[in-house]
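Engineer: Test case, fold it:
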Amino acid sequence: MGRARSGMGSFVEAAQYPDASNIYDEDPSWKCIISKEQAHSGSIYAIASSGNQFYSTSNKSLKIWNFETMTLVSDIAAHSSYIRCLTVWGERKLLLTASDKTIILWDQISLTQVAQLRGHREEIRALAV
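Structural biologist: I've put the predicted structure just below:
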C-alpha cells in the first residue's frame with residue numbers, strides 16, 4: 001500500500017512500513033522511500049501511475065517518469081494554463097489531463113495528443129474513468 005505527497009516543485013512517493021523509525025506527517029507507519037527534488041518549477045497539482053510510468057503535472061507541464069529509476073522520460077507542454085487533474089484510462093491506453101475548461105486525451109505509448117474536449121462552462125477540477 002502506498003501514497004504520494006507533493007510539495008513545491010518536488011514529489012515524494014511513500015510506502016507503508018509498520019516498523020518505520022522516521023515520522024512522516026506525524027504518522028510513524030509511513031517512511032519516504034523516493035524523493036525527486038525540483039521535479040517541477042512550481043507546485044504539483046496531480047500525480048498518477050500506470051505500469052512502469054509515473055505522471056506529474058504542474059503549471060502547463062505534463063512530465064512522464066520511469067517509475068523504477070525516477071528518470072524523466074518526457075516533458076510535454078500540454079496546456080496553456082495549470083493542469084489541475086489527470087487520470088489514466090488503462091483499458092484504452094490513454095492519459096487524460098484537464099486545465100481550465102479543456103480535457104486533452106494523450107496516447108500513453110506515443111505520448112501524442114489524440115483529442116481535445118471543450119465545452120465545459122466551469123473549470124474542470126476532477127477526472128475519473
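
Engineer: what stretches of the chain score poorly on pLDDT?
Structural biologist: 1-38 (pLDDT under 70).

Engineer: run the last query once more with 50
Structural biologist: Judged by pLDDT under 50, the chain has its weakly predicted residues at 1-25.

Engineer: helix, strand or coil for the residue sitting nearest the centre point of it?
Structural biologist: Centroid-nearest residue in the chain: residue 47, 2.0 Å away (criterion: C-alpha atoms, centre = their mean). Classification of residue 47 using DSSP: H, G, I helix; E, B strand; the rest coil returns strand.

Engineer: So what pairs up with it in the strands?
Structural biologist: residue 56 (DSSP bridges).

Engineer: Tell me how far it lies from residue 125.
Structural biologist: Separation of residue 47 from residue 125 (C-beta to C-beta, to the nearest Å) stands at 16 Å. Placement of C-beta: from N, CA and C, glycine included.

Engineer: Please apply the same query to residue 48.
Structural biologist: 15 Å.

Engineer: Also residue 71?
Structural biologist: According to C-beta to C-beta, residue 71 and residue 125 sit 31 Å apart.

Engineer: Return the residues in contact with the residue nearest to residue 49 when sequence neighbours are not counted.
Structural biologist: Distances taken as C-beta to C-beta, 6 or more residues apart in numbering place residue 67 nearest to residue 49, at 6.1 Å, with adjacent residues excluded. Going by C-beta atoms under 8 Å, 6 or more residues apart in numbering, residue 67 touches 49, 51-54.

Engineer: for residue 125, same thing?
Structural biologist: Neighbours of residue 125 in contact, by C-beta under 8 Å, 6+ apart: 84-85, 98.

Engineer: Then residue 59?
Structural biologist: Contact analysis of residue 59 by C-beta under 8 Å, 6+ apart lists 40-42, 82-83.

Engineer: Neighbour-wise, which one of those residues leads?
Structural biologist: Highest neighbour count within the contacts of residue 59, by other C-beta atoms under 10 Å: residue 83, with 24 neighbours.

Engineer: And that one, how far from residue 69?
Structural biologist: 24 Å.
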